[in-house]
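Asker: Following is a predicted model, sequence given first.
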Amino acid sequence: MPPHRHRLFDAVTTFLVSASKAAPLILVLDDLHWADRPTLLLLQHLARRLEGSRLLVIGTYRDMELDRKHPLAEALTTLRRDPGFERVLLRGLSAEDVLALFQARASGAPLAEGASALEALAAREVRRYLYLRTGRRVPPRLLLVLDAGGLDLGGRRRL
C-alpha cells in the first residue's frame, strides 16, 4: 500500500474510533457491490482496528451482483477471517409483506389502493434497474408494455 494511502486510512480509522469513544456510532455502507477496490481496502483496514471500539460497521450489498473476481468478493474473503465479522443474509419481501410495511408506515391505517401503490413502487424500481443496466431512461409507457403480460401474484399483477 502506498504511504499516502496508509496515512489516509489511519486518519479515517483514528477519527471514527475516537469519535465512538464519546458515543457509540453506527457506520452504514450501502451498496458495497458498487465500491471500488481502494474503498474496500479502507473498509478492511477499519475492520482490523474495531476491537475495543464502540463503532459498528454495517455493509450492505447484493450478492447476486458478485462473482469470484469482483473486488467485494475478495474483500469478503478477508473480512470473514475477522472474529468480529458476521454475515446476515436477507431476502426480498413478498408482495404481502411490502403491503404490510406500507400499512405500518401509514400508522396501521389500511391503504385504499395498496396494490396500486405496490405496482407504482415496482414500476419505479424496474425503471431504476433498467437505467442502471443500460444507462438509458425508461419511459413509463414502456413499463406498461412490459407489464401487459404481468405475472400472477395472489390475484394481483406484478412486473
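Answerer: Looks like it arrived, so ask away. Residues are numbered from 1 along each chain as shown.

Asker: Walk me through the domains of the chain.
Answerer: Here the chain is described, according to automatic domain parsing, as comprising the domains 3-79, 95-158.

Asker: Among those domains, show the one with the smallest mean pLDDT.
Answerer: Lowest mean pLDDT of these: domain 95-158, a mean of 57.

Asker: Could you count how many residues lie near the closest residue in space to Leu79 that isn't next to it in sequence?
Answerer: Closest residue in space to Leu79, ignoring its immediate chain neighbours: Phe85 at 5.0 Å, by C-beta to C-beta, 6 or more residues apart in numbering. Any C-beta I mention is one placed from the backbone N, CA and C, and that applies to glycine too. By other C-beta atoms under 10 Å, 13 other residues sit near Phe85.

Asker: ditto for the one 3 residues further on
Answerer: Other residues lying near Val88 total 6 when counted by other C-beta under 10 Å.

Asker: now it: how far from Val12?
Answerer: 25 Å (C-beta to C-beta, to the nearest Å).

Asker: before we move on, what about Ser53?
Answerer: Distance of Ser53 to Val12, given as C-beta to C-beta: 13 Å.

Asker: repeat for His4
Answerer: For His4, the distance to Val12 (C-beta to C-beta) stands at 13 Å.

Asker: so how far is Leu32 from Ala73?
Answerer: For Ala73 relative to Leu32 (C-beta to C-beta), the value is 11 Å.
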